[in-house]
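> this is the structure alone, sequence omitted:
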DNA sequence: TTGAAAGCGTTACCAC
DNA sequence: GTGGTAACGCTTTCAA
C-alpha cells in the first residue's frame, strides 16, 4: 500500500528498520525467525518499498533508458521487442524515449546522463554527440548503440556495405544487368548512414560485375511507403525499364511492389525486387530481402548493457546478414544461366 | 553533471538552496538578478536535478506506466505511438511494461500501485483484477484502459459488436451469402474478448439477413499469421467454398490472403476478404478492413490519463469505426445487384 | 544478529 | 525575497 513505509513494517514486526531493509535485500545476516516476523509484517501491511527512496539512497534506479526514432521504421519495433524481453528479464524497468524529430535529440542524452534518470542507456539507430558521450562516461552511465557505429562506444551493428554487395550479387546471379536502386535520402538530420553504405556496397559490386548502376536508376527518397511508391513509379517508367530493383529497406521495397502492381508489371516475372531488414511485413508480402537479426540485435544490445551495468567490460558485436529468398526475385527472362 | 547537487549550485551562486529550488521550479518569487546568478551557476556547474530526490520529496515521479501485451499484435504498436507522443508532450516519461505471458500480469499492477513507480497507468488491452483496481484507487494512482472495457475505470473502446455487424453488412451488400469467419480463440488467459464480440455482431447480422453463419465456416484460432494461414486453408477447402471471409484482425486476414494466394484462388475475384483494425500492413496489402483509430485511441487514452493526473474527472470514450474499402473485397460473381 | 543514526538531493514550510 | 531546516523512505555504516 502507498503510505506504508519501512518504519511501519519495522514497528509492526518489532524490529529496527535496518533489519527490515536487510530482509528486503536478502541479506543472510538475519535470523530465520526474525526474517519470518518481518515477512509477516510486510504481508499484513501490504508493504511495497518506494523505488524513489531506494534510488536516492543507492544511486541506482533499476531502469534503463531506450532512445529510439521509435515509429519511423518497423525495424525499430522488432529491435525493441528483443530489448524489452532482455531488459525485463534482467529485472530492469524500461524507460522509452521516442524521438520523432531530430531537435528532440538535443539535450536528451545530457539529461539522461545526469544522476538519477536511468542506470544505463540503449540507443537505437541514434548516436550521442561526442560531448554527450563524454558526459555519459563522466557520469558513469554506460551506453550501448544498436544499429549505429561509434568509434569508442560498444555497438551492435551489421556490415551495411556487405549487405549492399549481397543484394547486388543475388540480382546479378539471377542474370539481371539493368538494376535500379532505391534508398533513403543520404543527408538527414539524424545522421543515419546505413542506406548510403548499402548503396556503396551495391554500386561497387555492380561495377565490379561490369554492370554499373546507371545514374537514372539510382533514387534516394525520404523514408516511407508513400515516397517509395512514387520513386518506384519513376523507375518503372524508365526506358529501358530496369529488370530488378534493390531497395535499402523492406518498407521501400514494399512500396516498389505496390507501384509495380499498380502499373500492371508482374513480380517477379517482369521485375525482381529485393529489400533489406526482413521485417514481419516482408514475410507477409513474400519479399526477398537481405535479412538482419532485428530482434536479436536488440536482445544482444540489452544484454551487453546489463553486463556493463554489472561492471563487465563489453565490446562491439557485428550481426550476420543473409539473403532470404522469397517470391519477389527470379531469373531474368532470357538471361543465360 | 552527476555529483553536482543543488547545494553546490547554491554555494556557487551565493544563495540558499531554497532559492535555487525556486528558480528550478519557475517560482515568480525570485528577484530577476538573483535568478540570473542562479542560472549562471547552474550553467557553469552543468547541473541537472536528481529525479529520484525530486520524486522522493514531491511524491511524484513524472512518469506514467504503460502496460501492454506489446508484441502480440501490431495494433498495439500503433496505439503505443499515440501514447508515446502524448505522454512525451505532457512532459512525462514513459515506462513500458511488456507482458508476453499472462502470468506476468500477476502482481504487476500491485507493484505499480505502490508508491513511487509511476504517477499513473495506461493499460492496453489488459484489465486489472478488481483487487488491483481497488489498490490503485486506494493508492491514488489513476489508470485508463485502452481497448478494454471496465465497469468503473475510464476506458477507450470501440463497439466490437457493431464492428462485426459492419463487416457482415459490407459482405452481404456485395452479394455474398456463404461467408466464413476467422477469429481468435475465445478462451484466453489475458481475457481478451473483442474477437468474440465481433463474431457476435457478425453472426447476428448474417442471421438477420437470412444467411446464417454455417458452423463449418466459423473458425477460432490462436492469434498470429501462421495459425491464420492454416485456418484459411481449411476454409478454402470447404465444399462449397465460401465466397467471402471476415477475419477479426488484419493479421489474420493477411494470413487468409496468403493462403488464397498459395491455393491459386484469386482475391477479390473468387474470394473477398475483410479484416479488422486497419494496421499499416493492411495498407501495404490493399486489405479491405473495419478500421478503428489505433493511434488516436492511444493518444486519447494518454490525454485522459494526463487530465486525471491533474485532478480532472475523466470519462470513458468510444472510438468510431469505419469500413475502409481497398482491393480485397468485391461483388460476388453472379450476385444480383 | 540487530538497532540507531547518518546520509542521499530535493521540496516546502517557516522565519526573517 | 530569501535562507535555513525538516521532511521524504530507503540503505548502509557503526556499535553493541
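Sure, I can see it. This structure is a prediction, so every number in the text was calculated from the model and none was measured.

> how about the residues of chain A by DNA strand C?
Among all residues of chain A, those adjacent to DNA strand C (criterion: Cβ under 7 Å from any atom of the strand) are A:14-19, A:22, A:28-31, A:34-35, A:53, A:56-57, A:59, A:115. Placement of C-beta: from N, CA and C, glycine included.

> for residue A:156, which three-state class applies?
Under DSSP: H, G, I helix; E, B strand; the rest coil, the three-state class of residue A:156 is strand.

> ok, it touching residue A:315?
No - using Cβ atoms under 8 Å, residue A:156 and residue A:315 do not qualify as a contacting pair, with a distance of 10.6 Å.

> residue ranges of the helices in chain A, please?
Along chain A, the stretches classed as helices by DSSP state H are A:6-13, A:17-24, A:32-45, A:51-58, A:74-89, A:108-113, A:130-139, A:160-173, A:194-208, A:225-237, A:250-262, A:280-285, A:294-309.

> filter the residues of chain A next to DNA strand C to the buried ones?
Using 16 or more other Cβ atoms under 10 Å in any protein chain shown as the burial test, the residues of chain A next to DNA strand C include A:15, A:19, A:22, A:30, A:34-35, A:53, A:56, A:115 as buried.

> possible to save the residues you listed as JSON lines with distance to residue A:164?
Supplementary listing: these in JSON lines, determined by distance: Cβ to Cβ, whole Å:
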{"residue": "A:15", "distance to residue A:164": "66"}
{"residue": "A:19", "distance to residue A:164": "62"}
{"residue": "A:22", "distance to residue A:164": "58"}
{"residue": "A:30", "distance to residue A:164": "60"}
{"residue": "A:34", "distance to residue A:164": "65"}
{"residue": "A:35", "distance to residue A:164": "61"}
{"residue": "A:53", "distance to residue A:164": "52"}
{"residue": "A:56", "distance to residue A:164": "50"}
{"residue": "A:115", "distance to residue A:164": "43"}
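
> which residues touch the residue lying closest to residue A:325 once chain neighbours are set aside?
Distance criterion Cβ to Cβ, 6 or more residues apart in numbering or on different chains; nearest residue to residue A:325, sequence neighbours excluded, is residue A:288 at 5.2 Å. By Cβ atoms under 8 Å, 6 or more residues apart in numbering or on different chains, the residues touching residue A:288 are A:170, A:272-275, A:323-329.

> so what's residue A:288 bridging to?
According to DSSP bridges, the partner residues bridging residue A:288 are residue A:274.

> about what we covered before: the more surrounded of residue A:156 and residue A:315?
When residue A:156 and residue A:315 are compared for neighbours, residue A:156 comes out ahead with 27 against 7, by other Cβ atoms under 10 Å in any protein chain shown.

> still on that earlier bit, which of the buried ones among the residues of chain A next to DNA strand C come close to DNA strand D?
Taking Cβ under 7 Å from any atom of the strand, the overlap between those and the neighbourhood of DNA strand D is A:22, A:53, A:56.

> looking at those residues, which is nearest residue A:268?
For residue A:268, the closest of these turns out to be residue A:56, at 60.7 Å, with distances computed as Cβ to Cβ.

> where's that closest one relative to residue B:51, distance?
The span separating residue A:56 from residue B:51 equals 9 Å under the rule Cβ to Cβ, to the nearest Å.
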